[in-house]
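Chemist: Sequence below, structure please.
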Amino acid sequence: MEIVTNTATFKKGNWTTTIDVYDFVVKNINPYEGTADFLVGPSNKTTKLWEACKQQLLKERQNNGCLAIDTETISNITAFGPGYIDKENEVIVGLQTDVLLKRAMKPFGGIKLVESAVKEKGLQVSERVSDIFNYAKDHNQAVFDAYDAEIKMYRSKHVLTGLPDNYARGRIIGDFRRLPLYGADALIEAKKADFANVVGEMSEHKVRLREEITSQIKALEDMKTMALSYGVDVSKPATTAYEAVQFTYLAYLSAVKEQDGAAMSLGNVSSFLDIYIEQDLKSGLITEEEAQEFIDQFVMKLRVVRHLRPGAYDEIFGGDPTWVTEAIGGQFHDGRTKVTKTSFRFLQTLYNLGASPEPNLTILWSQNLPKGFKDFCAQVSIDTSSLQYENDDLMKANRGSDDYGIACCVSYQKIGKSIQHFGARANLPKALLMALNGGREEDKGALVINNIPEMNDEVLDYDKVITAFKATLAEVARVYAKSMFIIHYMHDKYYYERAQMALIDSDPAIDIAYGAAGISIIADSLSAIKYAKVKPIRNEQGLTVNFSIEGDFPKFGNDDNRVDDIAIEITSLFIEELRKHKTYKNATPTLSLLTITSNVMYGTNTGATPDGRKGGESFAPGANPMHGRDVNGAIASLNSVSKLKYNDAQDGISYTFSMIPKSLGSTKEDQILNLKTTLDAYFGRDAHHLNVNVLNRETLMDAYEHPENYPQLTIRVSGYAVNFVRLSKAHQLEVISRTFHDRM
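Modeler: You can find the predicted model right below:
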């Protein structure tokens with residue numbers, strides 16, 4: 001189809017005749033190889049606007065983390081009239097509701113969950129809204145209507161945990177660049193053409209697709225209506241830098257008005273927006289201060305995105321995160337850098353507005369990134385602990401595309417071309433305990449898995465244990481796969497992400513993102529059984545409830561292949577078991593080694609393990625070594641994690657790394673150089689991900705005791721960042737207990 005655009009000053013290409021944002025970026029990007037010297041501080045408008053936000057953010061914290069809830073309105077793209085913070089100083093406009101930080105109800109994910117969240121704040125959902133669900137079904141109810149007894153058992157016994165059956169799945173990234181590049185009218189025409197091409201004899205796939213495209217067209221119409229309420233016409237392409245930023249934000253705003261997914265990521269917009277900004281700078285239409293102002297205010301709006309969550313959600317995802325993940329940097333396949341001046345401008349917001357967990361700024365690290373950008377990234381990490389890094393060279397080679405974003409924390413997603421169905425994770429240490437207990441879970445002795453032989457040996461035998469564990473994992477994978485099929489079938493049916501999907505190809509590729517928790521516990525436990533003498537301690541029911549360990553054993557995180565190879569083997573085994581099972585919409589199975597902050601909850605619900613971990617003790621986050629066990633220094637710890645194979649865990653391998661500042665050097669220059677060198681070496685070993693915290697444990701301890709003094713203290717926790725003071729006390733203590741490396 002012919003795409004009508006009025007951005008004639010840009011280089012022509014495929015994007016002028018088809019929906020092809022990548023072609024536009026490749027032909028028009030302005031790669032930047034320089035330093036951060038051009039950056040400027042916040043404008044007067046930005047300063048005043050952020051002060052107004054900070055006042056409301058303080059009130060929110062003082063009100064137990066929730067400022068207000070609209071209990072009368074079911075949120076969607078057009079449900080609320082325009083809302084402003086400080087109209088006189090607001091350049092980039094738009095709020096989720098009509099009032100800053102007021103949370104909205106999205107009950108099609110689950111009315112009972114909304115009612116619970118509202119009740120916890122001393123309020124009540126209006127009778128009108130509740131009554132709707134006497135006649136309509138929501139996603140949560142539909143899932144449990146379809147669950148069988150086996151799935152419910154696995155769920156209740158914490159074998160499968162954090163499933164998106166009681167919250168929106170998230171992990172779908174709309175290509176928010178499409179709205180400014182094409183305008184809503186052209187996107188609607190493209191969707192109508194897609195609909196017209198779904199012809200011939202009907203199938204379930206075709207019927208679903210026709211309904212989905214129709215919903216997407218309605219969402220695009222609603223985007224136009226919502227934008228016009230702010231006096232912005234998004235029907236036609238953006239022609240200026242201001243319009244490009246504003247349209248991109250309104251596209252994202254449409255998504256978060258309608259969905260409260262666990263991760264509502266932004267994608268990869270910085271290099272795209274830079275094209276418009278550089279055009280206007282060269283034409284003299286804007287100054288550098290105005291360019292930074294656009295980005296500062298855009299980021300400010302992303303920081304105040306809020307979703308209505310029940311307290312139980314915080315046990316899984318601590319710190320009230322939204323995961324507005326923006327991928328910055330990386331390289332094109334042709335060798336050019338994707339770094340632009342706007343890549344720097346996004347990082348500069350951490351100085352102009354102060355440190356913050358949102359947006360979740362993710363650096364796509366390549367060995368060939370420009371030196372000036374590497375320097376600035378290292379500086380920002382040292383100053384703010386607000387960045388995470390992912391291996392661009394690895395992901396491009398492994399997954400194919402150089403135009404991708406990060407869904408949630410660590411997960412690759414080709415922008416506009418593919419999506420992800422999120423699947424939470426399986427509790428591997430719980431599975432190991434069932435293998436040791438003849439398929440029974442270790443708490444009450446309930447039989448979860450049949451045909452796992454009882455182990456009566458006085459000393460655990462490695463060969464017997466690994467055989468039983470493999471059989472257990474096969475059963476866990478089978479039940480996990482069928483639960484994910486049900487969840488995503490029902491999510492599409494009752495809580496479809498029409499706004500995000502309107503900005504994605506109509507029939508995209510799909511990954512199903514499974515996850516595994518506790519890989520370092522598994523590695524250490526099997527290592528203990530293999531290299532030491534582990535005696536099970538059984539109760540009167542014959543359940544193994546504790547362990548006696550005689551002798552030492554290699555522990556994950558010390559660059560010892562004897563134990564590191566066990567972690568590699570189990571990861572490979574589990575994904576191979578998952579790949580055996582049918583998936584909804586023929587999605588491709590992937591696996592993450594990621595826990596978010598659920599590592600605390602997992603530990604609470606898991607008994608003692610053969611590695612010496614006590615019952616109830618928190619897991620290490622993601623692929624981290626267990627706290628305090630990586631005793632050979634930072635490099636050895638990094639080396640162990642880098643050995644885990646990305647091919648077996650394409651949904652991501654999360655490692656949260658904490659260093660005290662002096663471990664990097666005595667001067668800022670030395671610290672920047674040493675952090676860059678560390679990142680190059682780590683990713684040069686085909687490692688996937690690294691969270692970087694540079695701070696002293698004493699700072700966190702003081703923030704634990706005096707939270708009022710640290711309103712913006714930001715730390716990386718497990719694939720995302722949080723305001724430390726917004727974590728629960730249990731989560732804070734777990735973070736404080738982690739390894740802080742004092743030497744490389």
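
Chemist: which other helices and strands contact the longest strand along the chain?
Modeler: In the chain, taking DSSP state E as the definition, the longest strand is strand 509-517. Secondary-structure packing of strand 509-517 (3 or more Cβ pairs under 8 Å, 6 or more residues apart in numbering; DSSP states H and E): strand 411-414, strand 418-422, strand 425-427, helix 428-436, helix 462-494, helix 561-578, strand 588-593, helix 598-604. Every residue, glycine included, has its C-beta placed from N, CA and C.

Chemist: which one of these lies closest to Ser254?
Modeler: strand 418-422 (16.6 Å; Cβ to Cβ).

Chemist: relative to helix 462-494, how tilted is the closest one?
Modeler: Angle, strand 418-422 to helix 462-494, by axes from the mean of the first three to the mean of the last three Cα atoms, to 10 degrees: 110 degrees.

Chemist: for strand 418-422, packing partners?
Modeler: Partner elements for strand 418-422 (3+ Cβ pairs under 8 Å, 6+ apart): strand 411-414, helix 462-494, strand 509-517.

Chemist: at 10 Å what do you get?
Modeler: On a contact count with 3 or more Cβ pairs under 10 Å, 6 or more residues apart in numbering; DSSP states H and E, strand 418-422 meets strand 404-407, strand 411-414, helix 462-494, strand 509-517, strand 588-593.

Chemist: before we move on, back to that, partners of the longest strand of the chain in the sheet?
Modeler: strand 418-422 (parallel), strand 425-427 (parallel), strand 588-593 (parallel) (DSSP bridges).

Chemist: Take these and write them to TSV, including mean pLDDT.
Modeler: As requested, these are exported to TSV (pLDDT from 0 to 100):
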stretch	mean pLDDT
strand 418-422	96
strand 425-427	97
strand 588-593	98
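
Chemist: quick one: which of these is nearest Arg306?
Modeler: Between Arg306 and the strands paired with strand 509-517, the tightest spacing by Cβ to Cβ is seen for strand 418-422, at 20.1 Å.

Chemist: Any idea how far the closest one is from the middle of the chain?
Modeler: Centroid separation for strand 418-422 versus its chain: 12 Å, with Cα atoms, centre = their mean, to the nearest Å.

Chemist: Of the helices and strands packed on strand 418-422, which is nearest Gly122?
Modeler: Among the helices and strands packed on strand 418-422, helix 462-494 comes nearest to Gly122, with 28.6 Å by Cβ to Cβ.

Chemist: pull the CA atoms of the lowest-mean-pLDDT helix or strand in the chain into PDB?
Modeler: When the helices and strands of the chain are scored by mean pLDDT, DSSP states H and E, helix 311-316 comes last with a mean of 83. Output of helix 311-316 as PDB, limited to C-alpha atoms (Å, rounded to 0.1, in the frame of the first residue of the first chain):
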ATOM      1  CA  GLY A 311      -0.500  -6.100  48.300                       C
ATOM      2  CA  ALA A 312       0.200  -9.700  47.200                       C
ATOM      3  CA  TYR A 313       1.600  -8.400  43.900                       C
ATOM      4  CA  ASP A 314       4.400  -6.600  45.800                       C
ATOM      5  CA  GLU A 315       5.500 -10.000  47.200                       C
ATOM      6  CA  ILE A 316       6.300 -11.000  43.600                       C
END
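
Chemist: For the closest residue to Gln413 other than its chain neighbours, list the residues it contacts.
Modeler: Distances taken as Cβ to Cβ, 6 or more residues apart in numbering place Ala407 nearest to Gln413, at 4.5 Å, with adjacent residues excluded. Shown in contact with Ala407 (Cβ atoms under 10 Å, 6 or more residues apart in numbering): 170-173, 261, 263-265, 267, 323, 325, 327, 413, 418-420, 422, 511, 513, 651-652.

Chemist: got it, and Asp194?
Modeler: Asp194 makes contacts with 1, 19, 209-210, 212-213, 216-217, 505-507, as judged by Cβ under 10 Å, 6+ apart.

Chemist: Give me the number of neighbouring residues for Val641.
Modeler: Val641 has 30 neighbours, counted by other Cβ atoms under 10 Å.

Chemist: Starting from Phe556, give me the distance back to it.
Modeler: For Val641, the distance to Phe556 equals 9 Å [Cβ to Cβ, to the nearest Å].

Chemist: who touches both of the two?
Modeler: Common neighbours of Val641 and Phe556, counting by Cβ under 10 Å, 6+ apart, are 519-520, 564, 567, 623-625, 630.

Chemist: Tell me which of those fall in helices.
Modeler: 519-520, 564, 567 (DSSP state H).

Chemist: Could you export those residues to TSV, including columns for distance to Phe740 and neighbour count?
Modeler: As requested, those are exported to TSV (distance: Cβ to Cβ, whole Å; neighbours: other Cβ atoms under 10 Å):
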residue	distance to Phe740	neighbour count
Ile519	21	30
Ser520	17	30
Asp564	22	23
Ala567	22	26
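
Chemist: circling back to that earlier point, next helix or strand past the least confident helix or strand of the chain?
Modeler: strand 325-329 (DSSP states H and E).

Chemist: and after that following strand, which helix or strand comes next?
Modeler: With secondary structure assigned by DSSP H and E, strand 325-329 is succeeded by helix 341-352.

Chemist: quick one: that next one to strand 325-329, angle?
Modeler: Going by the same axes, to 10 degrees, helix 341-352 makes 120 degrees with strand 325-329.

Chemist: So for helix 341-352, mean pLDDT?
Modeler: For helix 341-352, the mean per-residue pLDDT is 98.

Chemist: With stretch 611-623 instead?
Modeler: 96.

Chemist: What residues sit buried inside that stretch?
Modeler: 611-613, 615, 617-623 (16 or more other Cβ atoms under 10 Å).

Chemist: quick revisit: now, which of the contacts of Asp194 lie within strands?
Modeler: Per DSSP E, the contacts of Asp194 never map to strands.

Chemist: quick one: pLDDT of Met744?
Modeler: Per the predicted model, pLDDT is 70 at Met744.

Chemist: Report the contact partners of it.
Modeler: Here Met744 is in contact with 633-636, 638, 659, 663-665, 674, 677-678 (criterion: Cβ under 10 Å, 6+ apart).
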